[in-house]
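>>> predicted model follows, preceded by the sequence.
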Amino acid sequence: MRVLFVCLGNICRSPSAEAVFRALVAERGHSSIIQTDSAGTGAWHVGNPPDERAQLVGRQYGYEMSDLRARQVMSEDFQEFDFILAMDNSNYRNLKRMRPDAGRAQLAMMMAFAGRPNEEVPDPYYGDLSDYETVFDMLKPAAEGLLDHILNEMKHD
């Protein structure tokens with residue numbers, strides 16, 4: 001099972017979501033069957049590590065993401081991943097436009113897995129550390145819901 005988290009530049013929200021989700025996957029002992037990645041719909045930060053503020057707050061929350069590097073979403077991602085999770089409506093719409101006809105990945109909003117399908121994970125880039133804390137606080141219940149959903153789906157396959 002492969003899961004891709006997507007935001008605009010892949011330096012704040014999507015690497016944070018990946019870090020939260022992969023820590024949860026590891027904690028529950030599913031790292032051998034669930035792989036994670038993150039990407040951006042834009043290419044501005046390709047090759048860069050996550051934003052320093054995201055890394056700082058992530059470490060405070062117990063998540064390490066210094067190993068991650070930004071990349072842009074590619075058409076192959078829609079074939080190679082089982083789930084692609086958008087952080088906001090704009091990126092969700094971009095992903096729907098980018099999706100090739102043969103794309104098999106399930107496309108969804110991240111917060112749908114926290115029971116809040118119409119809510120966006122706000123972009124903290126122009127904010128302060130409290131905005132990054134808000135993002136991590138939102139991502140944890142969404143990651144838990146996503147993992148429960150995936151494990152349930154795998155049981156029924």
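Great, that's in hand. Since this is a predicted model, take the numbers as computed values, not measurements.
>>> scan this structure for its longest helix.
helix 129-155 (DSSP state H).
>>> and it, average pLDDT?
Helix 129-155 carries an average pLDDT of 97.
>>> what comes up buried for that helix?
131-133, 135-136, 138-140, 142-147, 150 (16 or more other C-beta atoms under 10 Å). C-betas here are computed from N, CA, C, even on glycine.
>>> now the nearest residue to residue 50 once chain neighbours are set aside: how far from residue 115?
Leaving aside its sequence neighbours, residue 50 sits nearest to residue 15 (C-beta to C-beta, 6 or more residues apart in numbering; 4.1 Å). The gap separating residue 15 from residue 115 is 24 Å, by C-beta to C-beta, to the nearest Å.
>>> with neighbour numbers in mind, choose between the two.
Using other C-beta atoms under 10 Å, the more surrounded residue of residue 15 and residue 115 is residue 15, with 30 against 10.
>>> pretty sure that one contacts residue 70?
Yes: the pair residue 15 / residue 70 is scored as a contact, 7.5 Å apart, by C-beta atoms under 8 Å.
>>> what sits in contact with each of the two?
residue 50 (C-beta atoms under 8 Å, 6 or more residues apart in numbering).
>>> can you tell me how far residue 125 is from residue 41?
For residue 125, the distance to residue 41 (C-beta to C-beta) stands at 14 Å.
>>> tell me which stretches of this structure form strands.
2-7, 35-40, 83-86, 106-109 (DSSP state E).
>>> any chance of JSON lines for those strands, columns distance to residue 25 and mean pLDDT?
Converted to JSON lines, the strands of the chain look like this (distance: least, C-beta to C-beta, whole Å; pLDDT from 0 to 100):
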{"stretch": "strand 2-7", "distance to residue 25": "9", "mean pLDDT": "98"}
{"stretch": "strand 35-40", "distance to residue 25": "7", "mean pLDDT": "98"}
{"stretch": "strand 83-86", "distance to residue 25": "12", "mean pLDDT": "98"}
{"stretch": "strand 106-109", "distance to residue 25": "17", "mean pLDDT": "97"}
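>>> thank you, goodbye.
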